[in-house]
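[1] sharing a sequence plus its predicted fold:
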Amino acid sequence: GAGVSQSPSNKVTEKGKDVELRCDPISGHTALYWYRQSLGQGLEFLIYFQGNSAPDKSGLPSDRFSAERTGGSVSTLTIQRTQQEDSAVYLCASSRTAQETQYFGPGTRLLVL
Amino acid sequence: QKEVEQNSGPLSVPEGAIASLNCTYSDRGSQSFFWYRQYSGKSPELIMFIYSNGDKEDGRFTAQLNKASQYVSLLIRDSQPSDSATYLCAVNGLGGSQGNLIFGKGTKLSVKP
C-alpha cells in the first residue's frame, strides 16, 4: 500500500516568511508524528497526534511552530516568520497506534535564506 | 531529560565481517526499542524492533536488549557494502502518551569491499 507522503519535497524561502509543510499518513494509522533533522544531527521530536486526543506539543522549539491534523488524517506543520536556523529536513511519520512501528515519509527539505 | 546515546563512528568493517552497533538509554521505564537505517539524503527505514530482554534475529540482523543495563545493540552478520549507512537507535516510553521516539544521533557504518 501507499506509504507516508510529504509535500513539498523541497522548499526555499526567505527569512521572515511563513511556510506550510504537508503530511499524508498511511491510511488507517491513528498516530502521526513530526520530527526535524538538521544537517549532521539526529532526529528531533516536534509534535505528536494520536487519534482525537490533544496533541503532544512538547517538542516544538518555539511558538512560531504549530501543527494541525484535520479529520484525523492529513497534517500541516506551519512555521511562521522563518529563521535561518529553521533550515532542516522535516520528517513526518505515522504508526497504526502509539508505541507501534513508525514509518517515515521522504521528508521536506527546508532552506531559509 | 530522556537521552539515547550512540557512538557516532564512523565504524568501519570489512565486507563479510560482523558489525556491532551499540546504544544506551537513560529512561529506565522505556518499553520499546527500534533500529532504523538511514542512507545519506534519505529518510529512516525500520530495520528491527525489540520489546523483550534477550535476542531477536531477522535474517542477517540481530537486536539485543538488556533492560537492566539499559542498552540495546544491533549486530549485522556478513556485512555488505550496501549496509553502509547511518544506524539510528530509537526508544519510546511508557503508556500511550509516550508515543514519540527519542533518537540517538546515529552511528555511521562503512563496509569496505
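    In hand now; what should we look at?
[2] please name the bridge partners of residue B:72.
    Residues in a beta bridge with residue B:72, per DSSP bridges, are residue B:23, residue B:65.
[3] for residue B:6, same thing?
    Beta-bridge partners, per DSSP bridges, of residue B:6: residue B:23.
[4] residue B:25 is in contact with that one, correct?
    No. Counting by Cβ atoms under 8 Å, residue B:25 is not a contact partner of residue B:6; they are 10.0 Å apart. All C-beta atoms are positioned from the backbone trio N, CA, C, and that covers glycine.
[5] so, low pLDDT: which residues of chain B?
    B:1, B:93-98 (pLDDT under 70).
[6] what residues does chain B put near chain A?
    By Cβ under 8 Å from any Cβ of the partner chain, the part of chain B that sits against chain A consists of B:31-32, B:34, B:36, B:42-46, B:49, B:88, B:90, B:92, B:96-106.
[7] of these, select the buried ones using a PyMOL command.
    What follows is the PyMOL syntax for the buried subset of the residues of chain B next to chain A, where burial is set by 16 or more other Cβ atoms under 10 Å in any protein chain shown:
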select buried, chain B and resi 32+34+36+43+44+49+88+90+92+98+99+100+101+102+103+104+105+106
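[8] so what's whichever residue of chain A sits closest to chain B closest to, chain neighbours aside?
    Residue nearest to chain B within chain A (Cβ to the nearest Cβ): residue A:98, separated by 3.4 Å. For residue A:98, ignoring the flanking residues on the chain, the nearest one in space by Cβ to Cβ, 6 or more residues apart in numbering or on different chains is residue B:99 at 3.4 Å.
[9] same question for residue A:33.
    If the residues on either side of it in the chain are set aside, residue A:33 comes closest to residue A:93, at 4.5 Å by Cβ to Cβ, 6+ apart.
[10] next up, phi/psi of the one you found, please.
    Per-residue torsions, residue A:93: phi -140, psi 160 (degrees, to the nearest 10).
[11] and it, what does it touch?
    Residue A:93 makes contact with A:4, A:32-33, A:35, A:102-105 under the criterion Cβ atoms under 8 Å, 6 or more residues apart in numbering or on different chains.
[12] ok, residue A:67 next?
    Taking Cβ under 8 Å, 6+ apart, we find residue A:67 in contact with A:34, A:46-47, A:49, A:55, A:57, A:60, A:75-78.
[13] tell me the pLDDT of it.
    Reported pLDDT at residue A:67 in the predicted model: 96.
[14] now swap in the one 5 residues further on and tell me
    For residue A:72, the model assigns a pLDDT of 78.
[15] and it, how close does it get to residue B:20?
    Distance, residue A:72 to residue B:20, using Cβ to Cβ, to the nearest Å: 41 Å.
[16] ok, the single nearest residue of chain B relative to chain A - contacts?
    As assessed by Cβ to the nearest Cβ, chain A sits closest to residue B:99 within chain B, at 3.4 Å. For residue B:99, the contact set (Cβ under 8 Å, 6+ apart) comprises A:31, A:33, A:48, A:50, A:56, A:95, A:98-99, B:92.
[17] just to revisit the earlier point, find the residues that touch each one of residue B:6 and residue B:25.
    In contact with both residue B:6 and residue B:25: residue B:89, using Cβ under 8 Å, 6+ apart.
[18] residue A:13 bridge partners, please.
    residue A:112.
[19] residues in contact with it?
    Shown in contact with residue A:13 (Cβ under 8 Å, 6+ apart): A:19, A:82, A:110-113.
[20] fine, thanks again, bye for now.
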